[in-house]
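J.: sequence plus predicted model, see below.
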Amino acid sequence: MAAQGAEAEPRGVDSITSALGSAQSASAVSNVATRMLDLFLSGDVAPGTRLPAERHLAESLGVGRSAVREALAALEILGIVSVRPGSGTYLRGSASELLPQTLRWGLLVGPSTTDELIELRSGLEIFVARMAASRAEPDAIDRLAAHVQHMRDTVDDLAEFARADRAFHRELARTAGNSHVIDLLHVTTSLLQVYDDRAVHDADAAALALAEHEEVFRSVEAADPDAAASAMATHMTTAAARVHDESTARRRSKET
């Protein structure tokens, strides 16, 4: 195993593509992501190494360039690689430091595991709401209120509404005060964002999401952990149903 850091001898384009080998076609994105992560965790690729071009990786793995692109997108969100426009894609650092081994299963997200990620995210968000209601200080309440108001102001601008939605959840997680839960939630939501668009797509869905966030906020403001957890559970049920319905519609569209 090569040493990491400045003394490590980085693999070249040919050696990286050779080490990756070919991917199974049944689940190309999952296989590409898993093979890349296994290689990076081996320590044989030095931090800062420029990865082969998408075309070279696709040819070596025997998959389409879109599968390579999606796999790299997942690795970028997780902080494993960085994309520099006009330059290429680079390994950011030691993957073993950036992504705990216990979260590697998340890269295998697909039709069989998206539901499991949604369940994990729901459990984490409910826990976060409960903790936030018991720990929120006045300044945190003010910040949460500002995010809810931003959602009200942008309910007719779905892209901006989605940003306000995400900001509310991030602030709620910070208010809960558990860094490990924050990390788990960040990885889980990032993976879901890669493979499923969780944003609302119509005015009715936005109005419902706003009402559910307002209920979570009121419970946190009232320092009522049980009510906050219950309100978040309701919101997560709605969000999970929306993701499931949209995923089913996309699959049926592809089949036809």
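T.: Everything's here; your move.
J.: residue 132 and residue 65, how far apart?
T.: Plainly put, residue 132 is 43 Å away from residue 65 if you go by C-beta to C-beta, to the nearest Å. From N, CA and C alone the C-beta is placed, and that goes for glycine too.
J.: these two: who's more crowded?
T.: residue 132 (28 against 13; other C-beta atoms under 10 Å).
J.: please tell me I have it right and residue 171 contacts residue 144.
T.: Yes: the criterion here is C-beta atoms under 8 Å, and residue 171 meets it with residue 144 at 5.5 Å.
J.: more neighbours, the two?
T.: Relative neighbour count places residue 144 above the other of residue 171 and residue 144, with 23 against 19, counting by other C-beta under 10 Å.
J.: element containing that one?
T.: Residue 144 is part of helix 138-153, with elements assigned from DSSP states H and E.
J.: show me what that helix is packed up against.
T.: Secondary-structure packing of helix 138-153 (3 or more C-beta pairs under 8 Å, 6 or more residues apart in numbering; DSSP states H and E): helix 158-176, helix 203-221.
J.: what helix or strand is residue 89 located in?
T.: Assigned by DSSP H and E, residue 89 belongs to strand 88-91.
J.: secondary structure element for the closest residue to residue 124 other than its chain neighbours?
T.: Closest residue in space to residue 124, ignoring its immediate chain neighbours: residue 185 at 4.7 Å, by C-beta to C-beta, 6 or more residues apart in numbering. In this structure, residue 185 sits in helix 179-195 according to DSSP H and E.
J.: check the offset of the helix or strand harbouring residue 70 from the chain's centre.
T.: Under the assignment given by DSSP H and E, the secondary-structure element containing residue 70 is helix 65-77. With C-alpha atoms, centre = their mean, to the nearest Å as the basis, helix 65-77 stands 13 Å off its chain's centre.
J.: what is the subsequent helix or strand relative to it?
T.: Elements were assigned by DSSP H and E; along the chain past helix 65-77, the next helix or strand is strand 81-84.
J.: picking that back up, other residues contacting the helix holding residue 144?
T.: 132, 136, 160-161, 164-165, 167-168, 171-172, 174-175, 209-210, 213-214, 217, 220-221 (C-beta atoms under 8 Å, 6 or more residues apart in numbering).
J.: residue 86 in helix, strand or coil?
T.: coil (DSSP: H, G, I helix; E, B strand; the rest coil).
J.: begin at 734, not 1, for the rest of this chat.
T.: Got it, first residue is 734 now, which makes that one residue 819.
J.: neighbours of it, how many?
T.: Burial of residue 819 is recorded as 4 neighbouring residues (other C-beta under 10 Å).
J.: could you measure from it over to residue 770?
T.: In this structure, residue 819 and residue 770 are 26 Å apart, going by C-beta to C-beta.
J.: where in the protein is pLDDT low?
T.: Along the chain, segments meeting pLDDT under 70 span 734-760, 827-846, 923-924, 926-932, 978-989.
J.: rerun that using 90 as the cut-off
T.: Within the chain, the ranges that satisfy pLDDT under 90 run 734-781, 793-795, 800, 803-804, 806-819, 824-853, 892, 895, 912-935, 972-989.
J.: state the number of residues packed around the closest residue to residue 938 other than its chain neighbours.
T.: Leaving out its chain neighbours, the residue that sits closest to residue 938 by C-beta to C-beta, 6+ apart is residue 975, at 6.6 Å. Under the neighbour criterion other C-beta under 10 Å, residue 975 is assigned a count of 19.
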